[in-house]
Every structure is written in structure tokens, then in C-alpha cells.
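S.K.: model this:
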Amino acid sequence: HAYRALGEIGRAQKELETFQRMENQKKEATLRKAAQSMELLQKARKEKLETSSPGSTGATSPPP
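M.R.: Okay, the predicted model is just below:
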């Protein structure tokens, strides 16, 4: 009985580890996407600041 309980605990721990790993990968992917979009936003802002003169209507804005 003790061995079976240990086996079940081990399996549960493995499932938990797998689940946590998947969650971490999701988080990392989300963070990476967020970081990329932040970089793109900052680049777009810089380009707008450099290319736009006061009074322009932002016709030269980069595509989303």
C-alpha cells in the first residue's frame, strides 16, 4: 500500500511539474510578445518623432 501511495504521489508531482512548466512557457511567450510589442511601439514613436514635423497629420505612420 505504501508503495502504491508513493507511486501516486510521484505521478501527481510529475503532472504538477509538467503543468507548471507549461504555465511558465505560456508566461514566457506572453512576456516575450509584450516585450516585442513594446519595442515596436517605442521604435514607431521614435520614427514618428523624427519624421513628423509640427502640424503634420501623421500620414507617414508605419503600418501596425
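S.K.: quick one: the helices in this structure?
M.R.: Ranges of helices within the chain are 2-51, based on DSSP state H.
S.K.: which regions of it sit below the pLDDT cut-off?
M.R.: In the predicted model of the chain, residues 1, 52-64 satisfy pLDDT under 70.
S.K.: How much space separates R11 from E23?
M.R.: The gap separating R11 from E23 is 19 Å, by CB to CB, to the nearest Å. Placement of C-beta: from N, CA and C, glycine included.
S.K.: Sorry, wrong one. I was asking about G7.
M.R.: For G7, the distance to E23 equals 25 Å [CB to CB].
S.K.: One more: L40?
M.R.: As judged by CB to CB, L40 and E23 stand 26 Å apart.
S.K.: likewise L6?
M.R.: Using CB to CB, L6 is found at 26 Å from E23.
S.K.: cool, and Y3?
M.R.: 30 Å.
S.K.: Looking at the two, which has the bigger crowd around it?
M.R.: E23 (10 against 7; other CB atoms under 10 Å).
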